[in-house]
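1. Only the shape, not the letters, is given here:
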């Protein structure tokens, strides 16, 4: 049996080597065949290219002369920018050396305490404010266990706050309400003060809404004049005496006006029923211009009601059409529009003056509302009985003493603050504090895309960061391209926010592996490899990738076991998916595979371990399944088989790490080969474009592959991601 | 479109519908029996008063109906789903009318809130935003940004012109049905004929009821009445409505109706009787479609109409029990017995 396996392994190895040789041969042959043809094309094209160059040279010189000042300006600016590289590296180095950069790196969750604050109801607003100031209290909105605590204080406060806040928001749409950089003084906003602010804002909004209404009226009049202008064009083409339509006659009733399009059909029917006729003479985007004619009489009042329901707007028929030219009338209407424009300006000036007059009052109202907000936010978590009120929440254990001290300092009336550890049943409710480490924060954001660690679970962020950088760097190892990634991240740091550090670290990782592989912008001859070039050692790269995969999966299983032990689920830790038995099976399988590779034998001990582990898994699955016997056999067999296949395929999945590092080198080789066929300028352009292509396309693919390995091969084994984030009560600062 | 899936879904859901023959027996059930039979736990809550119980039951029934609507529109294409969703938006319009009345009569927020229904996200109004509005016009302007824009715009224009709550609500209802008629035109050809029959029956009913109400209860002129109506896509189309609004009595109007409306309403003496018979006209059409229809979308709408009918009937039963009404009245309310209180309507001379 062992001989057969050795033969099999040897055959697979031979196949891989021959496949690689075939691919290299094919590539070299392709290049060798293509070279003469490309050279021939280049030789043929050369006279034409030179002719074109001679023609475009003057234009290029002219353009160059034109853009020279700008170029100089850019160069002048680029100089200082380049001079910033030194301080940048210095800053990064200082950040790395700073002890702050290494704080908050933890895989265990921050310990949390459940706290219960019992206060006199009158002290609730102050307590809320203090809790918000500490930024360490995450409210627990569960109803209290005590039946007596059924009252919900602060309901009126919340209503008034919401009204006032809503009004301030509406005012801020009319005039900018300047955001205070910081609160002048943090104090309790008493209900009476809040009520007064609300009343004040009611008055301000009444004034502001009048401005809004004024703008709307001007807009409406402007729209109506535009309708008149359109109508006038039509009137001027009609060969009838419009003057006759202006006044109602003894027998005839006339209406000329505009109606919203969607009402036209119904209006037409209604007009007919009132013995009138409706003619459409102009259709605009959303409105239709109509003339309604009918006999005078009792139907008139009915029609007036219908016209009003149909939002009919009568158009005044211009006087003196017969003795004035349409141009003259258009000028009159244009003058009216200009008058409206002047009114708009005057109103804007009035709004500005109003804003200046009330700026301070609005600003202080905004600050007061910011200080009132914590009590309102906390409202659903507060319960009371008589003069006592209770508020519960979650606090990081290390912040508890500080919180207690702050409450002692700020509350004038007696209070009681109790704390306890979360119970096992409460674990899913306990919020998880995300890491605030400046380097890990961007990785934490990527982890969050999968889910938030449940309280008690391992926070995978540090492991994710290390393995991400290892995989990304090894798959995309190049000093030059890494430097570009880091440089771009630095250049766009303002736009990228705290994510820019992620770009810089990824770039540095790529540069580090570039040094190991001796690759700079795809050139492998400029710098000697500190270790080895992947393309010249493909089998070694594949072996390392496999070894890395085994280590990764084993660590993931280890974390899965730890997480289950942490939540006291011992059965799952031993027999569950990726539990201890799975890990034993997997390691035994790897042991056997290494045995085959080295001694041509799987080995008795690993074989025994594999069989025992599989039987244990099958037995566990059998005992936990309730189904007819046939179905049980089928399901247990398939599940066991899936375990075997799953681990093998998951390990082979890591071959992509090597494959992409080879792919990266091969792509760079292709770019350089193409560039080698060009002249000096063509060479430079091809190298630049080729590197851009590699950076964008391959960089993106590598990123996706790394994330796939992290999420699928890593997180899915040990990370449930169904926790929720610590979101403490805070004083809201900034704009409304 | 997953027609077979939708049809299977509708058939499975149709098992929950109350059989018409069962209605009389349900009238005899006590509150606990009704609660047990239909899973209405709110009825058994001792701590709730009568009004709260009634509200909790209505809320639970509406939630069930709208949850089923959400399940049914999931496999539909956008135009079809839009039509069914437009039908379900009537519950949001109930809330809109409550909010508008609250603003018109300056009720406090707690009172308004107590009369609003909690609706699922797919039909919900931006209530918190609307609460902040200081008046009817501001509320309608806020609503003009979103799926209710046409309804809100129409309502605002009418209110700006007339300042009349009745005209405002009439405009909202009018736009609601017009919107359904408009969406019907966008539906895929294969579903359109059956949907036309069903929606047509619904629009026929609405047009006739409004016509009678506006002409005889509110004494509006023919032209004013016509303007408020929504032409149907089946029997009471635009031209027929133009003829009908000009008639001066119930008998004349019934005589001028096309078949099968004429036979269904022949001899009706009151508006309530007309309303009850027309209700049957729509549910019969829905039952026919549910049993023999081909289009999954039309069958879905038919199911929802019947389900809503069942829900309202159940609510009437519960309400009757909570108010301690005599069984005869409850039977009339659930249409198990014909009404015996006729409203006087103008007769032909």
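-> Okay, I see it. Just so we're clear, the structure is a prediction, and the values are computed from it rather than from any experiment. Numbers count the residues shown, from 1 in each chain, chains lettered A, B, ... in the order given.

2. Spit out the contact partners of the residue in chain B that chain A sits nearest to.
-> Here the residue of chain B nearest chain A is residue B:132; by C-beta to the nearest C-beta that distance is 3.3 Å. Bear in mind the C-beta positions are built from the backbone N, C-alpha and C, glycine included. By C-beta atoms under 8 Å, 6 or more residues apart in numbering or on different chains, the contact list for residue B:132 reads A:162, A:163, A:166, A:167, A:169, A:170.

3. Out of these, which comes closest to chain B?
-> Comparing these against chain B with C-beta to the nearest C-beta places residue A:166 closest, at 3.3 Å.

4. Look up phi and psi at residue A:394.
-> phi -120, psi 140 (degrees, to the nearest 10).

5. picking that back up, show me which pair in the contacts of residue B:132 is furthest apart.
-> Greatest spatial distance among those (C-beta to C-beta): A:162 and A:170, at 12.5 Å.

6. the more surrounded of the two?
-> residue A:170 (21 against 16; other C-beta atoms under 10 Å in any protein chain shown).

7. Just to be sure, that one is in a helix?
-> Yes: assessed with DSSP: H, G, I helix; E, B strand; the rest coil, residue A:170 lies in a helix.

8. Is it in contact with residue A:206, as I believe?
-> No: counting by C-beta atoms under 8 Å, residue A:170 sits too far from residue A:206 to count as a contact (10.8 Å).

9. and stretch B:221-240, how far out from the chain's middle?
-> 19 Å (C-alpha atoms, centre = their mean, to the nearest Å).

10. Quick one: mean pLDDT for it?
-> In this model, stretch B:221-240 has a mean pLDDT of 90.

11. Help me see whether it makes contact with chain A, please.
-> Yes: using C-beta under 8 Å from any C-beta of the partner chain, stretch B:221-240 reaches chain A at B:221, B:222, B:223, B:224, B:226, B:227, B:228, B:229, B:238.

12. excluding its backbone neighbours, what's nearest the first one?
-> To tie it back to what came earlier, the one meant is residue B:221. Distances taken as C-beta to C-beta, 6 or more residues apart in numbering or on different chains place residue A:302 nearest to residue B:221, at 4.1 Å, with adjacent residues excluded.

13. The last one now?
-> The shortest distance from residue B:238 to any non-neighbouring residue, by C-beta to C-beta, 6+ apart, is to residue B:231 (4.2 Å).

14. is it true that that neighbour touches residue B:206?
-> No: the criterion here is C-beta under 8 Å, and residue B:231 misses it with residue B:206 at 10.5 Å.

15. who does residue A:278 bridge with?
-> Beta-bridge pairing for residue A:278 (DSSP bridges): residue A:292.

16. Can you name the residues that contact it?
-> A:267, A:268, A:271, A:272, A:290, A:291, A:292.

17. buried set for stretch A:205-216?
-> A:205, A:208, A:209, A:211, A:212, A:214, A:215 (16 or more other C-beta atoms under 10 Å in any protein chain shown).

18. out of the residues you listed, who's near chain B?
-> Okay, of these touching chain B (C-beta under 8 Å from any C-beta), that's A:205, A:209.

19. which strands and helices sit next to the helix or strand in which residue B:101 is found?
-> Using DSSP states H and E, residue B:101 maps to helix B:90-104. With contacts defined as 3 or more C-beta pairs under 8 Å, 6 or more residues apart in numbering or on different chains; DSSP states H and E, the packing partners of helix B:90-104 are helix B:109-114, helix B:127-131, helix B:136-143, helix B:149-162, helix B:165-186.

20. Nearest approach to residue A:703 belongs to which of the ones you listed?
-> helix B:127-131 (39.9 Å).

21. May I see the buried residues of the closest one?
-> B:127, B:130, B:131.

22. measure stretch B:22-30 end to end?
-> 15 Å (C-alpha to C-alpha, to the nearest Å).

23. Output the below-cut-off pLDDT ranges for the stretch 151-300 of chain A.
-> A:151-154, A:179-182, A:184, A:236-250, A:299 (pLDDT under 70).

24. ok, now with 50
-> The stretch 151-300 of chain A contains no residues with pLDDT under 50.

25. what does it have sitting close to chain B?
-> Proximity of the stretch 151-300 of chain A to chain B, by C-beta under 8 Å from any C-beta, involves residues A:159, A:162-163, A:166-167, A:169-170, A:205-206, A:209, A:260, A:262, A:265-267, A:269-274, A:299.

26. So which of those residues belong to helices?
-> Counting by DSSP state H, the members of those that fall within helices are A:159, A:162-163, A:166-167, A:169-170, A:205-206, A:209, A:265-267, A:269-273, A:299.

27. Can you flag the buried ones in the residues you listed?
-> Buried, going by 16+ other C-beta under 10 Å: A:159, A:162-163, A:166-167, A:169-170, A:205, A:209, A:266-267, A:269-273, A:299, out of those.

28. picking up where we left off before, now the angle from the host helix or strand of the residue nearest to residue B:221 to helix A:264-273?
-> Using DSSP H and E, residue A:302 sits within helix A:299-309. On the basis of axes from the mean of the first three to the mean of the last three C-alpha atoms, to 10 degrees, helix A:299-309 is oriented at 170 degrees to helix A:264-273.

29. Counting neighbours, what do you get for residue 228?
-> Here I'm looking at chain A. 22.

30. wrong one, I was asking about chain B
-> Neighbours of residue B:228 (other C-beta under 10 Å): 23.

31. Please apply the same query to the one 10 residues further on.
-> When neighbours are defined as other C-beta under 10 Å, residue B:238 has 16 of them.

32. Residue B:52 now?
-> For residue B:52, using other C-beta under 10 Å, the count is 13.

33. outside of the helix or strand containing it, which residues touch it?
-> Here residue B:52, judged by DSSP H and E, is contained in helix B:50-73. Under the criterion C-beta under 8 Å, 6+ apart, residues B:6, B:9-10, B:13, B:40, B:42-43, B:45, B:48, B:80-81, B:84-85, B:87-88, B:91, B:114, B:117-120, B:122-123, B:300, B:303-304, B:307-308, B:311, B:314-315, B:318-319, B:322-323 lie in contact with helix B:50-73.

34. Apply 6 Å and report the result again.
-> Under the criterion C-beta atoms under 6 Å, 6 or more residues apart in numbering or on different chains, residues B:40, B:42-43, B:81, B:84, B:88, B:91, B:117, B:120, B:122, B:300, B:304, B:307-308, B:311, B:315, B:318-319, B:322 lie in contact with helix B:50-73.

35. Now list the buried members of the residues you listed.
-> For these, buried by 16+ other C-beta under 10 Å: B:40, B:42-43, B:81, B:84, B:88, B:91, B:117, B:122, B:300, B:304, B:307-308, B:311, B:315, B:318-319, B:322.

36. From those, which land in strands?
-> Per DSSP state E, strands hold no members of the buried ones among the contacts of helix B:50-73.

37. Among those, which lie within helices?
-> Counting by DSSP H, the buried ones among the contacts of helix B:50-73 contribute B:81, B:84, B:88, B:91, B:300, B:304, B:307-308, B:311, B:315, B:318-319, B:322 to helices.

38. Could you dump those into JSON lines with pLDDT added?
-> JSON lines is the format used below for those (pLDDT from 0 to 100):
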{"residue": "B:81", "pLDDT": "91"}
{"residue": "B:84", "pLDDT": "92"}
{"residue": "B:88", "pLDDT": "91"}
{"residue": "B:91", "pLDDT": "91"}
{"residue": "B:300", "pLDDT": "94"}
{"residue": "B:304", "pLDDT": "94"}
{"residue": "B:307", "pLDDT": "92"}
{"residue": "B:308", "pLDDT": "91"}
{"residue": "B:311", "pLDDT": "86"}
{"residue": "B:315", "pLDDT": "86"}
{"residue": "B:318", "pLDDT": "84"}
{"residue": "B:319", "pLDDT": "83"}
{"residue": "B:322", "pLDDT": "80"}
